[in-house]
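Undergrad: Quick one: sequence and predicted model below, then my questions.
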Amino acid sequence: MINWISDFNYDFAIATIPIQIILLVFYGVRRNLPVGQSFCFWLVMVANLVMTSADIISCEMNEIWTEFPLWVMYAINHAYFLGFIVRGWALFAYTAETSHFLKNNSLYKVIASIPAMVAIFLIFSTPWTSAIYTIAADGYHNCSLYGIIYFDTYFYIILSILIVLFKWKTLSPRVKGGLLSFNLLLLFGIIIRKQFYHMLVTSYFSILSILIIFLTTENPDLYRDSRTKLLNKEALDMIGFDYWERNISYSLLVMIVHNYETSKSVYGISQVNESLKRMADWVMKNYPGYNCFYTRNGTFIILMKGQLPAEPEAIMKNWKEKYEAFQNSCDTPVTMKISAMMLPAYLANNNDLTMGDLARYSRINAYSENRRGNYVFSDAMIEGVKKQKSLEKAVKDAIATNRFEVYFQPIYSVKEGIIEGAEALARLNDPSLGFISPLDFISIAEKNGDIIEIGRQIFEKVCIFLENTDTKKLGIKYINVNLSPIQCMSHSLSEELSDIAKKHGLSMNMFDFEITESLIEDYEMIQMQIAGLRSMGAELSLDDFGTGASNLTSLMNLPIHVVKIDLTFTRSFFAGKAEFLPDLIKLFQRSNMAIVVEGIETEEMKNKMAELGCDYEQGYYFSKPLPPEEFIEYMKNQLQQ
């Protein structure tokens with residue numbers, strides 16, 4: 001039992017010291033992110049430990065001040081006050097860094113630092129001015145400007161809370177929850193400290209705040225891939241954003257295992273993971289001193305800060321030699337087929353693209369670029385990334401504002417000699433980019449998952465059109481609606497579509513849903529979707545036959561009664577390159593399948609495909625896709641003819 005000299009209660013303060021030391025050691029040993037918020041957190045922990053230790057020591061020494069030199073008394077009290085001020089400012093700086101507030105605005109940063117700088121100046125001047133405290137003949141006394149210590153604390157806590165509230169919508173739930181809770185906790189702790197002066201509880205509330213920060217945003221394990229122990233995608237995004245905001249020069253070397261999915265299927269996930277670990281070890285060994293990332297799906301990234309040590313072409317040549325030697329020395333059964341791209345600093349730093357954008361583009365295009373002999377980014381590739389990003393933004397904006405349009409392309413019945421239905425097609429006209437090709441926006445939406453919401457919006461608009469149109473009078477018997485592969489992975493698809501149709505008073509037998517052949521890899525899923533939709537009264541067609549690589553026998557066994565031959569087959573046949581098409585049509589006929597042929601552009605094509613036995617025809621010979629109003633007029637004209 002320690003017999004303390006002063007009347008202060010140190011229990012809370014002493015209990016925090018071992019925790020602070022453990023956190024400091026752990027955080028120092030584990031490699032944390034090289035970003036501003038990590039530095040601020042490190043400063044918070046150091047300042048808090050100094051403040052806690054100096055607080056206890058100074059309280060005791062102030063009781064027996066005559067036994068120490070005056071400069072020692074001032075030094076230990078200065079340590080406490082400086083630790084107190086620096087800790088408060090560092091917590092504010094951490095909040096600002098994490099929420100990306102005041103970035104790239106030096107003036108505001110200086111203004112926000114003025115209270116702390118004034119307090120530090122007053123602390124250092126205290127031996128001569130007695131501004132904050134004094135050590136007189138009768139001992140330690142607080143002086144007239146002592147209150148500025150608490151003013152600074154309140155100022156920075158309140159400012160931090162306002163920043164969190166201002167940036168609330170842009171922060172993730174984990175981050176904003178952590179920032180708001182630790183600032184409110186600090187505010188409560190300062191109030192308690194003022195009410196119970198002789199209890200040193202400030203350090204206790206500070207360590208609770210530090211623990212909240214550590215658990216929500218600063219635990220190094222949050223930014224590590226569990227398999228490879230390399231930094232993960234979230235770390236890449238954070239570092240990339242930090243570099244971009246601070247205008248720090250960097251280069252990227254992106255490596256992609258382009259046979260990743262195939263390897264998982266052939267060798268199993270455990271063997272693939274073992275190969276990924278070996279690859280990660282090779283990356284760390286050959287590129288020491290650089291930040292190395294594994295962003296999942298077989299993608300490794302090396303971040304090279306500053307200027308490159310050699311020309312990009314020389315670096316990539318060296319990379320190929322090293323990787324070939326590594327592959328030859330491996331005894332693992334899994335062969336990692338790697339594509340790679342180098343993004344040099346002179347291209348990375350001269351645009352507004354983020355590190356994540358550039359890495360993602362590299363991942364998608366590295367294989368095709370390597371096959372052309374390209375291993376280094378070019379200006380044309382940078383423009384490709386910018387176009388990709390602008391298209392992604394256009395898709396997001398269109399979804400948010402429900403701006404996707406539905407067009408209708410007529411489908412001609414050979415037997416009846418009239419237009420009987422139409423295919424509903426999504427179209428996007430962006431205010432800035434103009435008309436965007438469906439090939440572009442559908443590809444983007446399928447990659448990021450937005451295709452599900454686009455499909456829902458388009459189907460809803462088709463239903464609205466049918467609800468407000470006399471389809472019987474126009475001779476419209478059905479509408480074909482496309483389903484994306486991602487939509488078909490939803491177990492509730494049939495219920496969702498049926499609910500939308502019911503909302504607009506429509507029966508599902510008005511719809512023929514087209515499923516792309518490329519989807520027919522998961523036969524169990526497609527069987528389930530077909531059964532669900534047909535039980536609702538809808539029909540299903542196999543769309544774009546010939547574009548996938550499905551087994552023909554398996555396709556014939558599916559309960560699908562309509563098949564749509566892709567326009568590439570039609571064009572190839574009339575170009576003399578697909579002479580097997582008549583035989584394929586006969587095969588479908590023998591299987592009692594109705595046949596729709598796309599790509600009819602001339603009367604010759606129309607007559608020939610009818611002669612071969614196609615039941616329905618679609619193409620520009622009849623009409624291009626039309627907006628709803630023009631489609632209604634088109635159908636009225638067809639009735640008059």
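TA: Yep, that arrived.

Undergrad: Next, residue 426: secondary structure please.
TA: strand (DSSP: H, G, I helix; E, B strand; the rest coil).

Undergrad: and if you look at residue 513?
TA: strand.

Undergrad: and it, how many neighbours?
TA: Look at residue 513: counted by other CB atoms under 10 Å, it has 25 neighbours. Every residue, glycine included, has its C-beta placed from N, CA and C.

Undergrad: got it, and residue 282?
TA: 19.

Undergrad: who touches it in this structure?
TA: 323, 326 (CB atoms under 8 Å, 6 or more residues apart in numbering).

Undergrad: For it, report the pLDDT, please.
TA: Note on residue 282: pLDDT of 92.

Undergrad: continuing past whatever helix or strand it lives in, what's the next helix or strand?
TA: Applying DSSP states H and E as the criterion places residue 282 in helix 269-286. Once the chain leaves helix 269-286, the next helix or strand it forms, by DSSP H and E, is strand 291-294.

Undergrad: tell me what that next one is packed against?
TA: helix 233-246, helix 269-286, strand 299-305 (3 or more CB pairs under 8 Å, 6 or more residues apart in numbering; DSSP states H and E).

Undergrad: where exactly do the strands run in the stretch 451-600 of the chain?
TA: Along the stretch 451-600 of the chain, counting by DSSP state E, counting those that start in this stretch, strands occupy 478-483, 511-516, 539-545, 562-565, 594-597.

Undergrad: Provide the strand pairings for the longest one, with the direction of each partner.
TA: The sheet places strand 539-545 alongside strand 511-516 (parallel), strand 562-565 (parallel), with pairing taken from DSSP bridges.

Undergrad: pull the CA atoms of it into PDB?
TA: Output in PDB follows, covering the C-alpha atoms of strand 539-545 (Å, rounded to 0.1, in the frame of the first residue of the first chain):
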ATOM      1  CA  GLU A 539     -43.200 -17.400 -69.800                       C
ATOM      2  CA  LEU A 540     -39.500 -17.600 -70.200                       C
ATOM      3  CA  SER A 541     -37.200 -17.300 -73.300                       C
ATOM      4  CA  LEU A 542     -33.600 -18.200 -73.800                       C
ATOM      5  CA  ASP A 543     -32.000 -14.900 -74.900                       C
ATOM      6  CA  ASP A 544     -28.900 -14.400 -77.100                       C
ATOM      7  CA  PHE A 545     -28.400 -18.100 -78.000                       C
END
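
Undergrad: rewinding a little: can you redo the strands paired with strand 539-545 as CSV, where the extra columns are mean pLDDT and distance to residue 437?
TA: CSV is the format used below for the strands paired with strand 539-545 (pLDDT from 0 to 100; distance: least, CB to CB, whole Å):
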stretch, mean pLDDT, distance to residue 437
strand 511-516, 85, 17
strand 562-565, 86, 20
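
Undergrad: closest one to residue 287 among these?
TA: Counting by CB to CB, residue 287 lies closest to strand 511-516 out of the strands paired with strand 539-545; the figure is 41.3 Å.

Undergrad: by how many degrees do the closest one and strand 478-483 diverge?
TA: 40 degrees (axes from the mean of the first three to the mean of the last three CA atoms, to 10 degrees).

Undergrad: sorry, back to before: make JSON lines from the strands of the stretch 451-600 of the chain and add distance to residue 527 to it.
TA: Formatted as JSON lines, the strands of the stretch 451-600 of the chain follow (distance: least, CB to CB, whole Å):
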{"stretch": "strand 478-483", "distance to residue 527": "14"}
{"stretch": "strand 511-516", "distance to residue 527": "11"}
{"stretch": "strand 539-545", "distance to residue 527": "11"}
{"stretch": "strand 562-565", "distance to residue 527": "17"}
{"stretch": "strand 594-597", "distance to residue 527": "20"}
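
Undergrad: With residue 626 as the reference, name the closest of these.
TA: strand 478-483 (13.2 Å).

Undergrad: Against which helices or strands is that closest one packed?
TA: Packing contacts for strand 478-483, counted by 3+ CB pairs under 8 Å, 6+ apart, involve strand 418-430, helix 451-467, strand 511-516, strand 539-545.

Undergrad: Touching, residue 435 and residue 429? I think so.
TA: Yes - contact criterion CB atoms under 8 Å: residue 435 and residue 429 qualify, at 5.2 Å.

Undergrad: Between these two, which has more neighbouring residues?
TA: Neighbour count, other CB under 10 Å: between residue 435 and residue 429, residue 429 has more, with 13 against 9.

Undergrad: Spit out the contact partners of the more buried one.
TA: Counting by CB under 8 Å, 6+ apart, residue 429 makes contact with 403, 405, 435, 436.

Undergrad: where are the low-confidence patches of the stretch 1-150 of the chain?
TA: Along the stretch 1-150 of the chain, the parts satisfying pLDDT under 70 run over 1-3, 103-105.

Undergrad: Repeat the analysis, applying 50 as the threshold.
TA: Counting by pLDDT under 50, the stretch 1-150 of the chain shows low-confidence ranges at 1.

Undergrad: Strands along that one, start to end?
TA: Going by DSSP E, counting those that start in this stretch, the stretch 1-150 of the chain shows strands at 133-136, 139-142.

Undergrad: which residues are contacting the first one?
TA: Under the criterion CB under 8 Å, 6+ apart, residues 62, 65, 70, 73-74, 77, 81, 126, 140-143, 146 lie in contact with strand 133-136.

Undergrad: one more time with 10 Å
TA: For strand 133-136, the external contacting residues (CB atoms under 10 Å, 6 or more residues apart in numbering) are 58, 61-62, 65, 68, 70, 73-74, 77-78, 80-81, 123, 126-127, 130, 140-143, 145-146, 149.
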